[in-house]
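Visitor: Any chance you could fold what I've pasted below:
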Amino acid sequence: MDPKSYSDLYATETPEQQVVRGQRDMRTAKELVTHMYAQMRYVAEGIPKGHTPYNGEQDKDAMAGIKNRDDLLRYAKESWKVADGVVKSLSDAQLQSVVKTEWGGMSFPGWVIVSIMYDEHLHHRGQLFTYLRQFGVEPPFLWDFENNAPEFRPAQTQQA
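Guide: Numbering: from 1, shown residues only. This is a model prediction of the structure:
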């Protein structure tokens, strides 16, 4: 879920007017990226608390502070950092504990919530790829780990 490979590209290559205007009955580019990262952030923060209050309304609050591409990129990176820190700090007990959600009264073990975050991010990444293509930008190769931000590149294995 490296934001460097596609979110950076999206935020730097999207025509400014397309950040705030989209198709009817579809999230704009701004709404989509904001949703992806608000969901990631707020859902992750809820795991150690045993309840994630994320219900989509948080997207609106986050969008109020996003006026341009730089704001969007800043929000994505900030939210990634928060979510990444939370997930890295989760204990085995927190991953096994039940987390209540605002999604129709459903509850899941913490590890399932992490999986839901991943799935949510992945399916919206496909939408971002479509936007990039509409803007005449070739999306990055999905498995291009070498061009990730250094902290997200695969670790080199030691040869025996």
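Visitor: Show me what the helix or strand encompassing residue 130 is packed against.
Guide: Here residue 130, judged by DSSP states H and E, is contained in helix 110-134. Where contact means 3 or more CB pairs under 8 Å, 6 or more residues apart in numbering; DSSP states H and E, helix 110-134 is packed against helix 9-13, helix 29-46, helix 69-89, helix 92-96, strand 98-100. In short, each C-beta sits where N, CA and C put it, glycine included.
Visitor: any weak-confidence spans in the protein?
Guide: Applying pLDDT under 70 to the chain flags the ranges 1-24, 157-160.
Visitor: repeat that for 90
Guide: Across the chain, the ranges flagged by pLDDT under 90 are 1-32, 56-57, 68-69, 105, 120-160.
Visitor: For the residue nearest to residue 101 when sequence neighbours are not counted, give me its contacts.
Guide: Computed as CB to CB, 6 or more residues apart in numbering, the closest residue to residue 101 that is not its neighbour in sequence is residue 52, at 5.3 Å. Applying CB atoms under 8 Å, 6 or more residues apart in numbering, one finds that residue 52 lies in contact with 42-43, 45-46, 99-102, 113.
Visitor: Buried ones among those?
Guide: Among the contacts of residue 52, those classed as buried by 16 or more other CB atoms under 10 Å are 42-43, 45-46, 99, 101, 113.
Visitor: Which single one of those is nearest to residue 142?
Guide: For the buried ones among the contacts of residue 52, the residue nearest residue 142 by CB to CB is residue 43; the value is 23.1 Å.
Visitor: My guess is that closest one contacts residue 113. True?
Guide: Yes. If you go by CB atoms under 8 Å, residue 43 and residue 113 touch, sitting 6.2 Å apart.
Visitor: How many residues are close by residue 104?
Guide: 5 (other CB atoms under 10 Å).
Visitor: In three-state terms, label it for me.
Guide: Assigned with DSSP: H, G, I helix; E, B strand; the rest coil, residue 104 falls in the coil class.
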